[in-house]
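Asker: Quick one, fold the following:
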Amino acid sequence: MPAQLDHTIVHSRDRFASARFLTELIGATEPRAFGPFAAVPLANGVTVDYADSLVAGDRIIMQHLALLVSEDEFDEIFGRIVERGLPHWAEPAHHGPGQINHRDQGRGVYVDDPDGHAIEFLTRTHVLDG
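Answerer: Numbering: from 1, shown residues only. Take a look at the predicted model:
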């Protein structure tokens with residue numbers, strides 16, 4: 001049986017502020033405290049666990065989260081991004097400002113969370129060659 005991702009830990013300056021940023025965009029319930037984490041459960045059983053911590057001195061090293069969502073969920077999430085006036089991009093590294101992408105016959109958008117982590121919302125899994 002292939003391994004399945006159970007959870008991932010994301011470093012933050014304020015675990016609940018960062019977790020709420022994600023839950024508000026995806027329309028999920030309030031994050032819950034789980035030990036030293038603010039946990040955000042996702043639909044497939046994986047949790048994103050935010051931890052208060054600084055790495056590399058006083059800054060947080062950027063991480064990337066890619067969340068696969070339905071077309072309807074993408075519309076809702078993108079609507080929240082636009083409504084809040086959040087900067088967003090079609091591509092990583094802030095390329096294509098104010099745009100979305102249409103890779104793999106789907107749609108995708110990137111937004112930064114309060115700690116500078118890149119959150120990608122996409123409607124189609126990227127096709128790997130080979």
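
Asker: Correct me if wrong: residue 104 contacts residue 68.
Answerer: No - between residue 104 and residue 68 there is no contact under CB atoms under 8 Å: 11.2 Å. All C-beta spots, glycine's among them, are computed from the backbone N, C-alpha and C.

Asker: what sits in contact with each of those two?
Answerer: Residues touching both residue 104 and residue 68 (CB atoms under 8 Å, 6 or more residues apart in numbering): 124-125.

Asker: Comparing the two, which residue is more hemmed in?
Answerer: Ranked by neighbour count (other CB atoms under 10 Å), residue 104 and residue 68 place residue 68 first, with 18 against 13.

Asker: what's the pLDDT at residue 130?
Answerer: pLDDT for residue 130: 57.

Asker: do the same with residue 56
Answerer: 60.

Asker: so which helix or strand takes in the nearest residue to residue 33 once chain neighbours are set aside?
Answerer: Nearest non-adjacent residue to residue 33, counting by CB to CB, 6 or more residues apart in numbering: residue 39, 7.5 Å away. Assigned by DSSP states H and E, residue 39 belongs to strand 37-41.

Asker: Given that strand, what are its sheet partners and their directions?
Answerer: Next to strand 37-41 in the sheet, as set by DSSP bridges, lie strand 32-34 (antiparallel), strand 47-52 (antiparallel).

Asker: Pick the most buried one from the ones you listed.
Answerer: strand 47-52 (a mean of 20; mean count of other CB atoms under 10 Å).

Asker: Format the CA atom coordinates belonging to that one as PDB.
Answerer: The C-alpha trace of strand 47-52 is given here as PDB (Å, rounded to 0.1, in the frame of the first residue of the first chain):
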ATOM      1  CA  THR A  47      -4.500  18.100   8.700                       C
ATOM      2  CA  VAL A  48      -2.400  21.200   8.300                       C
ATOM      3  CA  ASP A  49      -1.000  21.900  11.800                       C
ATOM      4  CA  TYR A  50       0.300  25.400  12.400                       C
ATOM      5  CA  ALA A  51       3.000  25.800  15.000                       C
ATOM      6  CA  ASP A  52       4.300  29.000  16.600                       C
END
